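1. next one to model:
(one chain, ligands or ions: 1)
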Amino acid sequence: MGIKVNKEGNIFQINTENSTYLMGIAYGKYLGHLYYGKRMEDMEGQYLLRVKEDEAGINWHRRDKITLMDSFYFEYPSWGVGDYRDPALRVRDEGGFRVCELEYEGYEIKSGKPCLEGMPATFEGGEAGQKAQTLEIILRDALLGLKVLLRYSIFEDSDAIIRSVTAINEGTQKLYLEKILSASLDMDNEDYQLFTLHGSWARERRITGRTVSEGKHIVGSLRGETSHQNQPFLALTTNGTSQTSGDVIAMNFVYSGNFIAETELDHKDGIRMSMGIHPDGFEWVLKPGASFTTPEVVMVYSSEGLGKMTRTFHSLYQNHLICSKFLHQKRPILINNWEATYFDFDDAKLLSIAKEAKKLGIEMLVMDDGWFGKRNNDESSLGDWFVNEEKLRGGVAVLAEQVHEAGLKFGIWFEPEMISPDSELYRAHPDWAIQVPGREPSMGRHQYVLDLTRQEVVDHAYESVAKILRSASIDYVKWDMNRPLADVGSFTLGAEYMGEFYHRYVLGVYQMQERLMQEFPDLLLENCSGGGARFDPGMLYYSPQIWTSDDMDPIERLTIQEGTALVYPLSTMGAHICVCPNHTVGRETSMETRANVALAGTFGYELDITKLTEEEKNEAKFFNQQYHKYHDLVREGAYYRIASYRENQRYDCWQVNSRDRQEVLVTYVQVRNEPEQRSRRIRLQGLAPRLKYQLEGTEEVYSGEMLMNAGYLQEMMYGDYRSRLLHFTAVESLN
Ligand code: DGJ
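-> All right, here's what the predicted structure looks like:
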């Protein structure tokens, strides 16, 4: 595979199929970054360390140490020795000193890829069994006795490089890790544009771009979860980069808590790009002999624009991250009762939905929030995970059986990390809620968050969920989390360890999800966080799908799903047909457009199916058949973004190609009709140029090269919010 070291042992080369990453040792001790870009076989990039410039005195002012430190391209920069850019590592010793100077000590190349204890991580294998290789570089601060292991892994089928870092205290005093990022990348600025993903509740992951300019640009979360607001994703692109051309360097974080993603343009036009656990509120105590490992950052380089970057993330996550056995299976078409009933339901209502749903070809009923304790609104009962028998006579097991008898699978909602002040659990264990003694904890959606840094709380929360799952035949769980963390503190951690709180909380969540996967391997898990506040690679490790957003309006979803699919596979995006008018924005749209947009995700319904007209029910039947017809392609195919409504304000278009390029599905949404316009030219991507493709339902046949270069002509449709699926199948070869 692709990791090599030159014979002098001072240049490291990591080659994936299309990219090369080079590091080198300068002055016999500093590990510097040399190159990340198009694949090269030549690894003699020593000159890129710019040592000669110093020695020749060209940059005479760099002869002293701090000016050198201030501009050297460090592979893993540390705080305190004259590099004034934001560091990846800041360590405090018992004396309160924060100076750390990492020097190169050695390396090891290993076959395979290590797991990270207690955390999600990419893994070797996947369905096709592809192999991995790992380079470990050892750095050391001899005075502190601190060993730092930089880890770089690659897979034979991927252009991604996976990075993580382990700090090991081999000294005799306690060390305090105030900041320890997973990846940092120093390089020359090439007039980069920076792309990030931002939003809010019901408006998640909108793509935002700007030119990189002097100073720092920080994206992050301090909410204890990934957040609606920001994604742990950064992409730097050269000027003019499009979906199909231009250079892209991107990072994504396999983590579900506080994160920082930063770019810093320095005074000499160098750029530092970094990602990891957010240092604010973080401090990890490293006793002698102890170690700390960071979560992983995935780095991707593409010389073929954003589209290639996207497909690299998608296939990495599908082949090497998502563990669920459902990953490559067609998911059951589900109907969720949340927007149909909110809290106002009982078993009879749910069964009437299930029976009607069955007639239309829906395959699973999901009972959402409100089935437990005395929860008739969002002001009580979180933590009291026992059934409300006034709503479900006979309990969950009986309802599950009835739903199964009606011919559907059965799913259930939990919010295991939360506790309502009005709950039996809170009355018994008020100290289990995250809080600061003597301070009234802040409420969010009338609830507190459980202190998952405590093992007995994790055990109790897990057991509450598991008990229900053991007691009934349940096929699916929706795991929700409806508020961020605040008033952070634990009664048991102790003052010295309070800085470990946020990370320990995330480890508690991961532990529960891991146990769930192990104990219930046949359970389909969908993560959710008040919509899409925890849509990240960390959660994808455990659940093959995540609820994308509470906003199901198909027009709002265009932008949300475009941003989500920039990084995450279509097979992971929870997407449903909503009620009309939509509850979030009040927009009226056809069921066809709602269905066509939901088809880009896992597909399902969130409306009261018993209230549909006969005509709507027939439509639903048709769209369910359509799902079965196309969903293998959508789930397994390669995704291409053709046009963006966010950019053009008129229409949206994406495409999925089967891996063998024999079949293509294009989704076109005309958001706004315009009079007196010619048909719109849609240039497809990734087809076989010399194959001829027939458009389903017509006699029209086009060559791949014609569709890609000249394009397909989509005529204007009468009305707004119209949509169309174009399904092409290869029929013959041009030669
Ligand atoms: C937020 C979720 O995103 C919704 O789908 C629903 O499950 C509610 N929580 C229930 O409280």
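2. wait, isn't Tyr301 in contact with Tyr36?
-> Yes. Tyr301 lies in contact with Tyr36 (CB atoms under 8 Å); the separation is 5.7 Å. C-beta coordinates here come from the backbone N, C-alpha and C atoms, glycine included.
3. neighbour-wise, which of those two wins?
-> Legend: neighbour count by other CB atoms under 10 Å for Tyr301 and Tyr36, higher for Tyr301 (23 against 19).
4. quick check: which element contains that one?
-> If you go by DSSP states H and E, Tyr301 is part of strand 296-302.
5. flag every residue of this structure that's near the ligand.
-> 338, 368-369, 413, 480, 482, 528, 530-531, 547, 550 (CB under 6 Å from any ligand atom).
6. kindly recompute the last result at 8 Å.
-> Applying CB under 8 Å from any ligand atom, we find that the chain lies next to the ligand at 336, 338-339, 368-370, 378, 413, 415, 445, 478, 480, 482, 528-531, 547, 550, 606.
7. out of those, which are buried?
-> 336, 338-339, 368-370, 378, 413, 415, 478, 480, 482, 528-531, 547, 550, 606 (16 or more other CB atoms under 10 Å).
8. show me those that map onto helices.
-> 338-339 (DSSP state H).
9. from the chain's centroid, how far away is stretch 720-731?
-> On the basis of CA atoms, centre = their mean, to the nearest Å, stretch 720-731 sits 28 Å off its chain's mean C-alpha point.
10. quick one: contacts of that stretch?
-> Contact partners of stretch 720-731, identified using CB atoms under 8 Å, 6 or more residues apart in numbering, comprise 554-555, 587, 589-590, 592-593, 596-597, 599, 626, 630, 661-673, 688, 691-697, 701-702, 707, 712, 714, 717.
11. surely Ser549 and Arg557 touch.
-> Yes. Using CB under 8 Å as the test, Ser549 is close enough to Arg557 to be in contact (7.0 Å).
12. so where is the stretch 51-200 of the chain shaky, pLDDT-wise?
-> Across the stretch 51-200 of the chain, the ranges flagged by pLDDT under 70 are 54-63, 126-128.
13. now it against the ligand: closest residue?
-> Nearest residue of the stretch 51-200 of the chain to the ligand: Ser200, at 13.6 Å (CB to the nearest ligand atom).
14. quick check: that residue is in a helix.
-> No. Per DSSP: H, G, I helix; E, B strand; the rest coil, Ser200 lies outside any helix segment and is coil.
15. that one reaches Ser227, doesn't it?
-> No. Applying CB under 8 Å as the test, Ser200 and Ser227 come out as separate, 9.3 Å apart.
16. when the two are compared, which one has more neighbours?
-> Each of Ser200 and Ser227 has its neighbours counted (other CB under 10 Å); Ser227 has more, 27 against 12.
17. let me see the contact set for the more buried one.
-> Ser227 neighbours (CB under 8 Å, 6+ apart): 221, 484, 533.
18. state the pLDDT value of it.
-> In this model, Ser227 is scored at 98, pLDDT.
19. quick check: phi and psi on it?
-> With angles defined as degrees, to the nearest 10, Ser227 sits at phi 100, psi 150.
20. look up how far the ligand lies from it.
-> Distance of Ser227 to the ligand, computed by CB to the nearest ligand atom, to the nearest Å: 14 Å.
21. against Ser302, how distant is Asp159?
-> As for Asp159, its distance to Ser302 is 7 Å (criterion: CB to CB, to the nearest Å).
22. need the overlap of contacts for these two.
-> With CB under 8 Å, 6+ apart as the test, Asp159 and Ser302 both reach 18, 312.
23. report the contact partners of the residue nearest to Ala406 when sequence neighbours are not counted.
-> Leaving out its chain neighbours, the residue that sits closest to Ala406 by CB to CB, 6 or more residues apart in numbering is Ala354, at 4.7 Å. Shown in contact with Ala354 (CB under 8 Å, 6+ apart): 335, 365, 402-403, 406, 408.
24. go on, Ser549?
-> 202-204, 531-532, 556-557, 560.
25. any idea which element Tyr541 lies in?
-> Using DSSP H and E, Tyr541 falls in helix 537-542.
26. alpha carbons of that helix, in CSV - could you do that?
-> The C-alpha trace of helix 537-542 is given here as CSV (Å, rounded to 0.1, in the frame of the first residue of the first chain):
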residue,chain,number,x,y,z
PRO,A,537,-19.8,10.7,11.5
GLY,A,538,-19.5,9.7,15.2
MET,A,539,-23.2,8.9,15.4
LEU,A,540,-23.2,7.3,11.9
TYR,A,541,-20.8,4.7,13.3
TYR,A,542,-23.7,3.4,15.4
